[in-house]
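>>> okay, sequence plus prediction incoming.
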Amino acid sequence: MRIVSAMHKVPKISVQIQPQHVRLEALVDALDELDALRVDTIYCWDHIGQLSGSSSLPSLECWALLASLSRVTSHVKLGSLVSPYGWRNPELMAYTADTVDRMSGGRVVLGMGAGWHASDFERLGLVMPAGAARIRGLQSALDRIRASLDALKSRVPVLIGGSGPKLLDVVAQHADIWHSNQQGPAWARAAATLEQACHRRGRDPRTIVVSVSLGDSDIDALAKEHEIDSVTVNVAGPRFDLRRVRELVSWRAGVLSG
């Protein structure tokens, strides 16, 4: 069943920057090119330190990087994919997102999630709650974030990442954008669950923008199989190789011109 807002839409192209093992010159060059390519959104993952591998190269903090990007990019939207609710006070998270949004001229997406990587919590001196408690915590944090954004008269859209049934109920209540790493039958089941959750809450599911991680999938096949609004490609340090992104931009241009 359809849960996106327009039929036969050519998916927008977004890029998730994974700022670990960072060579600053390579990162700056990649970000400049992504802005020039007119990708729709540059997301930054939100992890503490290195998530994988080991090197002496630095890792960069998500929202500090997004604040920097707000002043050196001009076209792309900027967002977190995603910020775990338990690391930052919800009111401060809303204030931070609104500040970066104003600095960028209204281009920020606030991506939120329940958190999943225990070492991130440990590096902050926190204990990662159990799964059900994390969903309840995300729900509570989003209640406060939404209230704070309203008080700030902010128009920052909220993205929520994840595909579990309980989390999808939170998506139905709070998300402007739903992002999933799933594809195929698993994605279809999650989409149906989200649609049911929207109907329970009296929400039109077509008001939620649908974003999917592309992974190694073929874009033509994915676009035909899933009715989605946006695909996201991961780009990692230290090289920040953009060949896949260039291919997708070329594909999009061909579809739109054909």
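Looks like it came in fine.
>>> which residues sit in contact with the spatially most central residue of the chain?
Residue closest to the average C-alpha location in the chain (Cα atoms, centre = their mean): Leu81, at 3.3 Å. Neighbouring residues of Leu81 by Cβ atoms under 8 Å, 6 or more residues apart in numbering: Gln16, Tyr43, Cys44, Trp45, Asp46, Gly111, Leu159, Gly161, His179, Thr232. C-beta: built from backbone N, CA, C; applies to glycine.
>>> go with 10 Å
14-18, 41-46, 62, 109, 111-113, 159, 161, 179, 211, 213, 232, 234 (Cβ atoms under 10 Å, 6 or more residues apart in numbering).
>>> Tyr43 too?
Per Cβ under 10 Å, 6+ apart, neighbours of Tyr43: 14-18, 62, 66, 76-82, 109, 111, 159, 161, 179, 211, 232, 234-235.
>>> hey, what's it bridged with?
Gln16, Gly79 (DSSP bridges).
>>> for Leu60, see how far away it is.
14 Å (Cβ to Cβ, to the nearest Å).
>>> now for the two: what residues contact both?
If you check Tyr43 and Leu60 against Cβ under 10 Å, 6+ apart, the residues they both contact are Ile17.
>>> picking up where we left off before, in PyMOL, how would I select just the buried ones from the contacts of Leu81?
The following PyMOL line selects those of the contacts of Leu81 that are buried, judged by 16 or more other Cβ atoms under 10 Å:
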select buried, resi 14+15+16+17+18+41+42+43+44+45+46+62+109+111+112+113+159+161+179+211+213+232+234
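>>> and the contacts of Leu81, which of them are in strands?
Taking DSSP state E as the definition of strands, these contribute 14-18, 41-44, 109, 111-113, 159, 161, 179, 211, 213, 232, 234.
>>> what sits closest to Phe240 if chain neighbours are left out?
Ala30 (3.8 Å; Cβ to Cβ, 6 or more residues apart in numbering).
>>> on the three-state scheme, the one you found is what?
Following DSSP: H, G, I helix; E, B strand; the rest coil, the label given to Ala30 is helix.
>>> check it and give its pLDDT.
Per-residue pLDDT puts Ala30 at 96.
>>> also Ile17?
Model confidence at Ile17, given as pLDDT, is 96.
>>> and what of the one 5 residues further on?
At Val22, the model reports a pLDDT of 94.
>>> what's near enough to touch it?
Per Cβ under 10 Å, 6+ apart, neighbours of Val22: Val28, Ser55, Leu57, Pro58, Ser59, Leu60, Leu65, Ala236, Gly237, Pro238, Phe240.
>>> so of those residues, which ones are in helices?
Val28, Leu65 (DSSP state H).
>>> show me which of the contacts of Val22 are buried.
Buried members of the contacts of Val22, scored by 16+ other Cβ under 10 Å, are Ser59, Leu65, Ala236, Gly237, Phe240.
>>> wait, which of these is closest to Val171?
Leu65 (25.5 Å; Cβ to Cβ).
>>> so that closest one makes contact with Leu27?
Yes. If you go by Cβ atoms under 10 Å, Leu65 and Leu27 touch, sitting 8.8 Å apart.
>>> overlap in contacts of those two?
Joint contacts of Leu65 and Leu27 (Cβ under 10 Å, 6+ apart) are Ile17, Pro19.
>>> where's Cys198 relative to Asn181, distance?
20 Å.
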